[in-house]
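Trainee: Here is the input, now give the coordinates:
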Amino acid sequence: MSRTQKAIQEFENTELEKMRTFDAFLRIPSVSSDPEMKPHLQEAAEFLKSYFEKLSMDEVRIYPTDLHPVVFAEKRSVLPEAKTLLIYGHYDVQPPDPLDAWITPAFEPTIRGENLYARGASDMKGQILASVFALESVLKTGELPINIKFILEGEEEIGSPSLEGFIRDHTDLLKCDMILNPDAGMINKDSPTIVNGLRGLVYFEVRIDGPKMDLHSGLFGGNVANPANVLARIISQLHNPDGSVAIPGFYDRVRPLSDEDRQKIAMNPTSEADFLEVTGAPAIFGEQGYTMLERQGARPTLDVNGIYAGFIGEGAKTIIPAYAKAKISCRLVPDQQHAEIYELAEKHIRTLVPPTVKVSFIKHSGGPSYLADDAPGLPNLIQAFKESWQKDVIYKREGGSIPVATVMQEILGVKSILTGFGLPDDAIHSPNEHLHLPTWRKGIKAYIRFLTSFEAQA
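Mentor: Numbering: from 1, shown residues only. Sure thing, here's the model as predicted:
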């Protein structure tokens, strides 16, 4: 029996014990956005520290931050030239609200059918433990062929305000050759998935001010510009009829999709019918000349995320509002720069504003896009996935952003492998979040194969 088979068998033999550990971890209400839950964030960090110590890690430490602690753990290989893998995760979870929408309580893990229901089961306590349990099984069956480090934070669900500073202050501690970030997911249970691209983001707010106060629309209408009307006209001019963004220069730096890019994206079996079923939208809409999947992760976008103006309560109130505002985000692709796109957007919008109102802008955030086709260690994980699922890997360009990946690339100089075993219908951030246990178990075995694959390269 090979080393890999022994480690997989060890996991199977101790799965019941590991499920009890999983259950206990999920019962900790580590909601990072709720100040009253702060003691439970510390409890979750201590839980992880205790488990790592049980594995006889060479170093385990909890680092305090201004909010919630960072857990660091390291297990060193006996091989002097062994490579180092850094595994990222977060132990904080979303609030469980609305509580009455849960079939069973959010922090009382319950198995129904093939799924484990609890807040954090998929996002991402289950993903953390998949990597920890895989490591445990490998350690119990021989020496570790690579060095392993973990960095587990408690603030991801509130934007990771402490993480970048922590990484900058601990570059020697986190030095590594490869990074595994399992905070992504699979397109379905039968398709092992690698996220090889993320879109960047710029998020800003536009405010149109007119009169100094709300005015009676009967007395002043027709003589005073209505900020809501002006904002609506501006928004209507931000896109062309074909769905493309109308801001001059918006596409100047966009890297064209190669034939290889399009072939990889097309491997994703998600259909337009699947997309419509998930979204509930009546039809697909988007920039012409590109497929739905290409638009989803490899083309830039501009979207209005919220609009506010005047009276929006029940009933009627005849006013001209004093101001109107819109929150707008642009998803960006290589090689767009978020600062430049913000400047182009502001410049264009200013040309659309009449002299009868005033305009102001607030830039809330910005971050770069990310490509990781060449992330170190990726060939090993791809092979491990193929052996576990007996299928080729699917590549996905994620439409959203995972800021920690770009932060780690900038500071540590290493691209992250983005993967995970969550599924699209896991209801993360929603009531009745759940994890598909057969997929999760198969993922643990894939991680075992991934870790032991480095023996041949030692």
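Trainee: quick one, phi/psi of Lys264?
Mentor: According to degrees, to the nearest 10, the main-chain angles of Lys264 amount to phi -60, psi -40.
Trainee: Just to check, it is in contact with Tyr395?
Mentor: Yes. Using C-beta atoms under 8 Å, Lys264 makes contact with Tyr395 at a distance of 4.3 Å. Placement of C-beta: from N, CA and C, glycine included.
Trainee: any residues in contact with both of the two?
Mentor: Jointly contacting Lys264 and Tyr395 under the rule C-beta atoms under 8 Å, 6 or more residues apart in numbering are Asn196.
Trainee: so where's the chain uncertain?
Mentor: Scanning the chain with the threshold set as pLDDT under 70 gives 458.
Trainee: ok, now which ones touch the residue nearest to the spatial centre of the chain?
Mentor: Nearest to the mean C-alpha position of the chain, counting by C-alpha atoms, centre = their mean, stands Ile402 at 4.4 Å. Counting by C-beta under 8 Å, 6+ apart, Ile402 touches 181, 183-184, 198, 370, 418.
Trainee: For the residues you listed, give me CSV that also has secondary structure and neighbour count.
Mentor: Shown next, in CSV, are those (DSSP: H, G, I helix; E, B strand; the rest coil; neighbours: other C-beta atoms under 10 Å):
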residue, secondary structure, neighbour count
Asn181, strand, 24
Asp183, coil, 22
Ala184, coil, 23
Leu198, strand, 28
Tyr370, strand, 24
Leu418, strand, 27
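Trainee: Closest to Phe47 out of those residues?
Mentor: Using C-beta to C-beta, Asp183 comes nearest to Phe47 of the contacts of Ile402, at 18.9 Å.
Trainee: tell me, how many neighbours does the closest residue to the closest one other than its chain neighbours end up with?
Mentor: Spatial nearest neighbour of Asp183, chain neighbours left out: Met124 (5.3 Å); criterion: C-beta to C-beta, 6 or more residues apart in numbering. Using other C-beta atoms under 10 Å, Met124 has 29 other residues around it.
Trainee: separation between Met124 and Ser30?
Mentor: Going from Met124 to Ser30 by C-beta to C-beta, to the nearest Å gives 11 Å.
Trainee: what do you get for Gly400?
Mentor: Counting by C-beta to C-beta, the gap between Gly400 and Ser30 amounts to 22 Å.
Trainee: Those two: which is more packed in?
Mentor: Higher neighbour count among Gly400 and Ser30: Ser30, with 28 against 12, using other C-beta under 10 Å.
Trainee: what sits against the more buried one?
Mentor: When contacts are counted by C-beta under 8 Å, 6+ apart, Ser30 is found next to 37, 40-41, 43-44, 91-93, 120, 154.
Trainee: Which of the residues you listed are buried, as a PyMOL select command?
Mentor: To isolate the buried ones among the contacts of Ser30 in PyMOL, judged by 16 or more other C-beta atoms under 10 Å, type:
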select buried, resi 37+40+41+44+91+92+93+120+154
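Trainee: Name the nearest of the contacts of Ser30 relative to Ala273.
Mentor: Among the contacts of Ser30, and counting by C-beta to C-beta, the member closest to Ala273 is Gly120, at 31.1 Å.
Trainee: Next up, the contacts around that closest one.
Mentor: Contacts for Gly120 (C-beta under 8 Å, 6+ apart) come out as 25-26, 30, 91, 93, 126, 433.
Trainee: again, 6 Å this time
Mentor: Shown in contact with Gly120 (C-beta atoms under 6 Å, 6 or more residues apart in numbering): 26, 93.
Trainee: Assign it to one of the three secondary structure states.
Mentor: Under the three-state scheme (DSSP: H, G, I helix; E, B strand; the rest coil), Gly120 adopts coil.
Trainee: Give me the phi and psi for the residue nearest to Asp183.
Mentor: Backbone torsions of Met124, given as degrees, to the nearest 10, read phi -130, psi 30.
Trainee: What of Lys391?
Mentor: Taking degrees, to the nearest 10 as the convention, Lys391 sits at phi -150, psi 160.
Trainee: quick one: which helix or strand includes the residue lying farthest from the centre of the chain?
Mentor: For the chain, the residue at maximal distance from the C-alpha centroid (C-alpha atoms, centre = their mean) is Leu219, at 50.4 Å. For Leu219, the element it lies in under DSSP states H and E is helix 217-220.
Trainee: For that helix, enumerate the helices and strands it packs against.
Mentor: Helices and strands touching helix 217-220, by 3 or more C-beta pairs under 6 Å, 6 or more residues apart in numbering; DSSP states H and E, are strand 319-320.
Trainee: Would you mind giving the domain segments of the chain?
Mentor: Following automatic domain parsing, the chain resolves into domains at 3-198+369-457, 202-251+300-366.
Trainee: so which of these is the most packed in?
Mentor: Of these, the one with the most neighbours on average (mean count of other C-beta atoms under 10 Å) is domain 3-198+369-457, at a mean of 19.
Trainee: Run the chain-centre distance for it.
Mentor: Centre-to-centre, domain 3-198+369-457 and its host chain are 13 Å apart (C-alpha atoms, centre = their mean, to the nearest Å).
Trainee: Same question for stretch 338-351.
Mentor: Its chain's average C-alpha position is 26 Å from that of stretch 338-351, according to C-alpha atoms, centre = their mean.
Trainee: residues in contact with that stretch?
Mentor: With contact meaning C-beta under 6 Å, 6+ apart, stretch 338-351 is reached by 200, 202, 204, 247, 249, 330, 361, 363, 366.
Trainee: Likewise for stretch 104-117?
Mentor: Contact partners of stretch 104-117, identified using C-beta under 6 Å, 6+ apart, comprise 23, 26-27, 29, 96, 118-119, 432, 434-438.
Trainee: tell me the two of those residues that are most distant?
Mentor: Longest span within the contacts of stretch 104-117, C-beta to C-beta: Pro29 and Pro438, 26.9 Å.
Trainee: Please confirm that Ala324 is located within a helix.
Mentor: No. Checked against three-state DSSP, Ala324 lies outside a helix; its state is strand.
Trainee: so what's the spatially closest residue to it that is not a sequence neighbour up against?
Mentor: Leaving aside its chain neighbours, Ala324 sits nearest to Ala309 (3.5 Å; criterion: C-beta to C-beta, 6+ apart). Applying C-beta under 6 Å, 6+ apart to Ala309 gives the contacts 228, 321, 324.
Trainee: now with 10 Å?
Mentor: Contact analysis of Ala309 by C-beta atoms under 10 Å, 6 or more residues apart in numbering lists 208, 226-232, 319-326.
Trainee: do the same with Ser33
Mentor: The contact partners of Ser33, taken as C-beta under 10 Å, 6+ apart, are 92-95, 155, 157-159.
Trainee: what helix or strand is it on?
Mentor: Judged by DSSP H and E, Ser33 forms part of no helix or strand.
Trainee: does Leu302 sit in a helix or strand, and which one?
Mentor: Assignment of secondary structure by DSSP H and E places Leu302 within strand 301-309.
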